[in-house]
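K.L.:
Sharing a model that was predicted from the sequence below.
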Amino acid sequence: MLPMLRRQRIVANCGPLACLALTACVICLAICQVLESSFSLGAWHRQRRQLRFGNEWTSWISWSRCSSTCGGGAAIRTRKCIIRNPAGETCQGDQRQYKLCNPQDCPEGTVDFREHQCSVYNSKQILPNQHFEWVPFFGGLNPCELSCLAKGQNFYYSFGRVLDGTRCHADSNHVCINGKCLKAGCDQILGSEQKEDACRVCGGLNHTCMKHHNIYTTKHPSSGVFGYSEVTMIPAGATHIRVIDNSRNYLALRNGNAKYLINGKWDIDQPGEYNAAGTKIYYKRSPDDHESLEAMGPTQEDLHIMVLLTEPNSGIEYEYWLPTNKYSVYHGQRSPLQGNQQVATFIPPPQFTTTRRPKRVSITTAPAWRAPLQGDHQPQPRLERDGTQSNYIPQPPRHDNCGKCRKVRGKTNRVKQYCRKDFVLRAKIISKKIVGLETRYDVQIIRTYKNNYPLVRREYVWTPNICNCPLLMENKEYILMMHQHVNYERTLNRILLETDSFVRPYSSKEDRLLRDLGKECIKYGPRLRTNL
């Protein structure tokens, strides 16, 4: 028994309760134990609720305005991570997302986004007591650095990163974000890995279309004489079209209205890009008798694949994909489990800068020639950064025994060279370099008046001397008439500016004189000159 203590208050603290008398402590301690267990149970339930309601992202906010009104730019949207459980895992994924926007071409005369960024530094002093006019330089090591060339000088300067939304290269859709060049997936999200399947469904698994593959083996036309024969009809809605021939015959393309789009009426078109049936058709032909037609699709009308036979047919292979409901109409019933697990491997060829339909050549008999070697001379890497902020380009000494350059004059020479040269274009001279006994110019092509072979925006042009003949100044624009030069071994394929080539500084008058000059070419032989 506990002794009785009169008039004395004994307080025993036990959790949130207090015992006012010693005799009540036993009951108090029991109550405390019950309450303590209940408090532990509540914490456990609270922890379970935190695990069940873990950290998660909010919804994406709306896309921002595009960084550019034309020519391709980037828009951004963001989201936040709601922290409900500090002890749990953080939200997985990106807080920011970028997408391509406004990819349409800008109106003529619009200042390029990268060019505008360089021009901001025109009034700023970069070197002591010197001001320069800055233009974009694409030869830097990192395409997402703002490398600008001092106009009229032989060095460029890096001003740091370009603004988000700037194109990595002038001829690509890749965009710079935070100093990195990002490629967009088929969902137009930058950095996305989403790809189109053969049915051209973004992120699809080829479940909505089926592949048709066949070989046209008829050796002679039904008429018994050489001429045009139909290989197959490709229905509207087809995707990933590919037609291949390895003979001296010529593939041709005709629409449903019997109008020839490529190689019709005994006229052989040059390889290049053609717009037909709502898609781009890539026509390729090489000196080794390899010829092909390729298109991504989907086509908006029926297309007829034709062949112009000049010798017995050795077999024309073709394939395309059709939506499942159309496949059964054109090719009969077939199990949807067959043929839809193949992966499309279509790779479009390089984009060409020409805005005109490629030239064509007429043939009146079975042709004895094939098209010249297709241009594959992509510009090689330009001047690379060496870790410094400015790069000086050394200029080789000029040889003084060259004599005076011969200037080509007169309207007759302008028309004659226009008709007989492979390239007539307006170009800006970016830089020049002496290579052995030749001069190599790095040029930016601004407009093509005539190009018998594909070109890209930046090309190398060669002159077979080191005497500045013809005389071309850096950062100036010229009208150039040139040949494609392919050596006998076909190991060299380049653009050649000969000493007596027609060269003029660009002016609106020269531009006006060159338009529709092709009508005069009837006086100077065939419509297309080939170098064999």
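P.N.:
Arrived safely.
K.L.:
alpha carbons only for contacts and neighbour counts from here, please
P.N.:
Fine.
K.L.:
after the host helix or strand of Arg504 comes which helix or strand?
P.N.:
Element membership for Arg504, per DSSP states H and E: strand 503-505. Downstream of strand 503-505, the next assigned helix or strand under DSSP H and E is helix 508-514.
K.L.:
average pLDDT across that following helix?
P.N.:
Mean pLDDT, helix 508-514: 88.
K.L.:
What are the contacting residues of that helix?
P.N.:
449, 479, 504 (C-alpha atoms under 8 Å, 6 or more residues apart in numbering).
K.L.:
Can you tell me who the nearest residue to the second one once chain neighbours are set aside pairs with across the strands?
P.N.:
Going back to what we said before, that points to Ile479. Spatial nearest neighbour of Ile479, chain neighbours left out: Arg426 (4.6 Å); criterion: C-alpha to C-alpha, 6 or more residues apart in numbering. When bridges are called by DSSP bridges, Arg426 pairs up with Arg447, Ile479.
K.L.:
Also Ile82?
P.N.:
Bridge pairing for Ile82 (DSSP bridges) gives the partners Glu56.
K.L.:
My read is that it contacts Asn55, right?
P.N.:
Yes - using C-alpha atoms under 8 Å, Ile82 is in contact with Asn55, at 5.6 Å.
K.L.:
Between those two, point out the one with more neighbours.
P.N.:
Asn55 (20 against 13; other C-alpha atoms under 10 Å).
K.L.:
Can you name the residues in contact with stretch 300-315?
P.N.:
215-221, 226-237, 245-256, 266, 277-279, 366-367.
K.L.:
How far does that stretch stretch from one end to the other?
P.N.:
One end of stretch 300-315 sits 27 Å from the other (C-alpha to C-alpha, to the nearest Å).
K.L.:
pLDDT averaged over that stretch, what's the number?
P.N.:
In this model, stretch 300-315 carries a mean pLDDT of 90.
K.L.:
One more: stretch 331-350?
P.N.:
For stretch 331-350, the mean per-residue pLDDT is 43.
K.L.:
How about stretch 441-457?
P.N.:
The average pLDDT within stretch 441-457 is 86.
K.L.:
Residue numbering should commence at 38 henceforth.
P.N.:
All right, first residue 38 from here; so that's stretch 478-494.
K.L.:
before we move on, the earlier item: just checking, what packs against the strand holding Arg541?
P.N.:
strand 514-523 (3 or more C-alpha pairs under 8 Å, 6 or more residues apart in numbering; DSSP states H and E).
K.L.:
Figure out the helix or strand that Gly197 lives in.
P.N.:
Residue-wise, Gly197 maps onto strand 192-198 under DSSP H and E.
K.L.:
in that strand, what's buried?
P.N.:
Neighbour counts using 16 or more other C-alpha atoms under 10 Å place 192-195, 198 of strand 192-198 among the buried residues.
K.L.:
Kindly report the same for stretch 220-235.
P.N.:
Here stretch 220-235 shows 220-223, 226-229, 232-235 as buried, counting by 16+ other C-alpha under 10 Å.
K.L.:
Of these, just say which sits nearest to Arg531.
P.N.:
Lys220 (30.2 Å; C-alpha to C-alpha).
K.L.:
Skipping adjacent residues, who's closest to the closest one in space?
P.N.:
His211 (4.8 Å).
K.L.:
hmm, who's touching stretch 465-482?
P.N.:
432-433, 462-464, 483, 493-503, 505, 509-515.
K.L.:
what's the angle between the helix or strand containing Lys470 and strand 514-523?
P.N.:
Element membership for Lys470 (DSSP H and E) is strand 460-472. Relative orientation of strand 460-472 versus strand 514-523 (axes from the mean of the first three to the mean of the last three C-alpha atoms, to 10 degrees): 80 degrees.
K.L.:
Quick check, central residue of this structure?
P.N.:
Closest to where the C-alpha atoms of the chain average out (C-alpha atoms, centre = their mean) is Ser209, at 3.5 Å.
K.L.:
got a list of what that residue touches?
P.N.:
Contacts of Ser209 by C-alpha under 8 Å, 6+ apart: none found.
K.L.:
What distance do you get for it to Pro180?
P.N.:
For Ser209 relative to Pro180 (C-alpha to C-alpha), the value is 11 Å.
K.L.:
do the same with Asp553
P.N.:
38 Å.
K.L.:
same deal with Gly473?
P.N.:
30 Å.
K.L.:
These two: which has the busier surroundings?
P.N.:
More neighbours surround Pro180 than the other of Gly473 and Pro180, with 21 against 10 (other C-alpha under 10 Å).
K.L.:
Just confirm the more buried one is within a strand.
P.N.:
No - under DSSP: H, G, I helix; E, B strand; the rest coil, Pro180 falls outside any strand and is assigned coil.
K.L.:
Now do the same contact list for the nearest residue to it once chain neighbours are set aside.
P.N.:
Closest residue to Pro180 apart from its sequence neighbours, by C-alpha to C-alpha, 6+ apart: Cys205 at 5.3 Å. By C-alpha under 8 Å, 6+ apart, the contact set of Cys205 is 180-181, 211-213, 218.
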